[in-house]
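> Make a model of this:
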Amino acid sequence: MLGFAAIGRALDAVAKRWLQRGKETDRQRRMSFDMRHLARAEEYEAQKEREREEAERVKQIRELCDTAVRAIYAALPTEKEMSDRLRYEGAELQLKLKTYGEEVTTREIVMWTQNRRETTDNPEYDEALVSVRKALLALSPYLLIQWGREKYPMESDLLKWIRQIKQFREAMPTSGTGSPLLDT
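From the prediction side, this is the model:
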């Protein structure tokens, strides 16, 4: 009987070791699964945070675009008024010169008007252009708009800038997908 008891105890010890190993293996598998799951969850949260940040950045850039377009639209009437005044002065000069017998070409009148445009101070237009300059400066890391050498941009320049800004705004991503337009 002594032999059977020893065999029983030995088998019992082996069974306990197998059970212990099984429990240890299960615990390691659960830990491994938990670690993988935790890593995936952290990666997912990091991706969501990046998407939220990019969406916020896109929103800010869109607001900058809207502000720039509003500022340019606000400057258009002042520019039109100044241009109309200069055209009127140019036409008046042409008529005066014509009455004195001097022929002046349209090109000369245009050159005179452009020169007058640059040399004349226009405080209303200067004031309107302050907000345009600020808006374009804020937008400059994302979109390059050439101001040029002229003191006062013409209506065609302002409309071209509006078109560029609107095209840039349209090209921006609507969701949190990366875009080379936003890289600074």
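> Helix or strand: which one has Gly8?
Here Gly8, judged by DSSP states H and E, is contained in helix 2-99.
> Counting neighbours, which bits of the helix or strand where Arg133 lies end up buried?
Element membership of Arg133 [criterion: DSSP H and E] is helix 123-139. Neighbour counts using 16 or more other Cβ atoms under 10 Å place Tyr125, Ala128, Leu129, Ser131, Val132, Ala135, Leu136, Ala138, Leu139 of helix 123-139 among the buried residues. Backbone N, C-alpha and C define where each C-beta goes, glycine included.
> For it, name the packing helices and strands.
Other helices and strands packing on helix 123-139, by 3 or more Cβ pairs under 8 Å, 6 or more residues apart in numbering; DSSP states H and E, are helix 2-99, helix 155-171.
> Let me have the shortest one in CSV, keeping just the CA atoms, if that works.
C-alpha atoms of helix 155-171 as CSV (Å, rounded to 0.1, in the frame of the first residue of the first chain):
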residue,chain,number,x,y,z
GLU,A,155,-8.8,96.2,-57.5
SER,A,156,-7.5,93.4,-59.7
ASP,A,157,-4.9,92.6,-57.1
LEU,A,158,-7.4,92.5,-54.3
LEU,A,159,-9.8,90.3,-56.3
LYS,A,160,-6.9,88.0,-57.2
TRP,A,161,-6.0,87.7,-53.5
ILE,A,162,-9.6,86.9,-52.6
ARG,A,163,-9.6,84.1,-55.3
GLN,A,164,-6.2,82.7,-54.0
ILE,A,165,-7.4,82.7,-50.4
LYS,A,166,-10.7,81.0,-51.3
GLN,A,167,-9.0,78.4,-53.4
PHE,A,168,-6.6,77.7,-50.5
ARG,A,169,-9.5,77.4,-48.1
GLU,A,170,-11.4,75.0,-50.5
ALA,A,171,-8.3,72.8,-50.8
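> Just the endpoints, please. Distance across stretch 117-131?
Stretch 117-131 has an end-to-end distance of 20 Å (Cα to Cα, to the nearest Å).
> Name the nearest residue to the residue most central in space within the chain, sequence neighbours excluded.
In the chain, the centroid-proximal residue (Cα atoms, centre = their mean) is Ile61; its distance is 3.8 Å. Excluding its sequence neighbours, the residue lying closest to Ile61 (Cβ to Cβ, 6 or more residues apart in numbering) is Tyr142, at 5.7 Å.
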